[in-house]
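# The following comprises the amino acid sequence and a computationally predicted model.
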Amino acid sequence: MSAQNQPFRMTSRRGAALRGQALVPGDKSVSHRALILGTLAVGETRIEGLLEGQDVLDTARAMRAFGAEVTRDDDGIWHVFGVGTGALREPDNIIDCGNSGTGVRLIMGLMATSPIAATFTGDASLRSRPMGRITDPLALFGAQAHGRRGGRLPMTITGARDPLPVSYTLPVASAQVKSAVLLAGLNAPGETVVTEPVATRDHTERMLRGFGAGVTVTDDGAARVIRLTGQPELRPQSLAVPRDPSSAAFPVCAALIAEGSDILVPGIGLNPTRAGLFTTLQEMGADLVFENRRDEGGEPVADLHVRFSPGLRGIEVPPERAASMIDEYPVLSVVAAFAEGPTTMRGVAELRVKECDRIDAMARGLRAAGVEVEEGPDWWIVHGRGHGGVAGGVTVETRLDHRIAMSFLVMGLATAQPVTVDDGTVIATSFPVFEALMQGLGAGIERVAA
């Protein structure tokens, strides 16, 4: 491990109010997909605002391994010269996806219907996560997977030589599984159909249309059905990536609980399948206002004006909202700790198989800070202590999970005593400018000697 990647602790403490503009990076989900679909289009795709976190950089490196030319200008514009659908090159080396579950699962889908083989690995966290929910539907196309016990990385995928179109119903709400199946369907003849009982983020469907794929979506209220016509000729695009609502969650939630705060978070993507956190916060009484609503790159965006909200109240979060905010539950649980009364979150089993068991990680950290938490297999309840009622004074284990690290650093901005996380290096996987951005707003976040 190089010196620059050595783990370091970070501490946050209550202090000045947060003020100013929070210019969060580009959307991670959109960034992954822009690189992947650019690889499948013949010609040059130009991407502005790409998130340059480690997860996305790992996907860029993987696309080069599959034959695309991927470059970055000095002004931050990325260029992908794609190879076309069905023309992926077999990688010479193992594909290391680092910490990115989205990256590895989408890339597995990308190559599952091409007659090539690729071996995937990642960091300790990614190697611990089960891949069966991806490899099972990919097997229906004719792909084969050989990994460690429990369907874990390292894993070799051998793509189908004569792929078949697939009709697949998601057993659990997962945009990663849906997207992997749709990407596999691009190189299969006929029509691939994905049915999801609960709508998940739809960036893949939106971007596929933008690149020229034949995609139709119907929703009868009971299920959402996506139909994809296989073997299209994708057209290269010029894309502007909206700012990431999952990253925006951290300065937004920090401003709600840090006394006297007043910030603006401009240009945030408000795709309906991603905006569940903001709806939930408003229901809790958050002073959060959407300004200057508009469309950018086919995605709805707005500027968020956020003010300190001492009167937050606990609520029951509808389980059907989980898919639209699954990555935001950790930081929501922090806000819930400063609300009055219990906040109940159900239908969130997905949190158990993220970078770590996020329910367990957050519950342990919150309890150590003096907050009562109940939990079950797919639910948890945070009993809020109100403004000024959370003790803090703890060191939290991040478990190689960037969202756990950032959530507890947000919490420390409003606790009576500072909060420390054991490893701040993991934050770079999704939000490399988190530390500088938060400090620029006035947050008392700093690195500390080990």
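All right, it came through fine.

# Next one: Pro251 from Leu288, what distance?
Using C-beta to C-beta, to the nearest Å, one gets 12 Å for the distance from Pro251 to Leu288. C-beta here means a position set from N, CA and C on the backbone, and glycine is covered the same way.

# And for Thr195?
Using C-beta to C-beta, we find Thr195 at a distance of 34 Å from Leu288.

# ok, those two, which is more surrounded?
Comparing Thr195 with Leu288 by neighbour count (other C-beta atoms under 10 Å), the higher total belongs to Leu288, at 20 against 16.

# Which neighbouring elements make contact with whichever strand or helix holds that one?
Assigned by DSSP states H and E, Leu288 belongs to strand 287-296. On a contact count with 3 or more C-beta pairs under 8 Å, 6 or more residues apart in numbering; DSSP states H and E, strand 287-296 meets helix 245-257, helix 276-283, strand 299-307.

# Extract the CA atoms of whatever helix or strand comes next after the first one and return them as CSV.
If I follow you right, that is helix 245-257. Of the helices and strands lying after helix 245-257 in sequence (DSSP H and E), the nearest is strand 262-269. Taking C-alpha atoms only, strand 262-269 is exported to CSV below (Å, rounded to 0.1, in the frame of the first residue of the first chain):
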residue,chain,number,x,y,z
ASP,A,262,-27.8,28.1,5.4
ILE,A,263,-26.4,26.6,2.2
LEU,A,264,-27.2,26.3,-1.5
VAL,A,265,-26.5,23.1,-3.4
PRO,A,266,-26.8,23.9,-7.1
GLY,A,267,-27.6,21.7,-10.0
ILE,A,268,-28.6,18.5,-8.2
GLY,A,269,-30.1,15.7,-10.2
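
# where along the stretch 1-150 of the chain do the strands fall?
9-13, 19-21, 43-48, 69-72, 78-82, 95-96, 117-121, 144-148 (DSSP state E, counting those that start in this stretch).

# Where does pLDDT dip in the chain?
1-5, 297, 450 (pLDDT under 70).

# how about the closest residue to Gly370 other than its chain neighbours, what does it touch?
Nearest-residue entry for Gly370: Ala391, 3.8 Å, with adjacent residues in sequence omitted and distances by C-beta to C-beta, 6 or more residues apart in numbering. Residues in contact with Ala391, defined by C-beta atoms under 8 Å, 6 or more residues apart in numbering, are Ala369, Gly370, Thr415, Ala416, Gln417.

# Now find how far off-centre stretch 326-336 is within its chain.
In this view, stretch 326-336 has its centroid 13 Å away from the chain centroid, taken as C-alpha atoms, centre = their mean, to the nearest Å.

# Which residues does that stretch contact?
246, 249-250, 253, 256-257, 276-277, 280-281, 284, 286, 312, 314, 317, 322, 325, 343, 345, 348, 350-351, 354, 358, 361-362, 366, 373, 380, 382, 384, 403-404, 406-408, 410-411.

# likewise stretch 46-55?
When contacts are defined by C-beta under 8 Å, 6+ apart, stretch 46-55 is touched by residues 25-28, 31-32, 34-35, 38, 56, 76-80, 97-100, 102-103, 236-244, 428-432.
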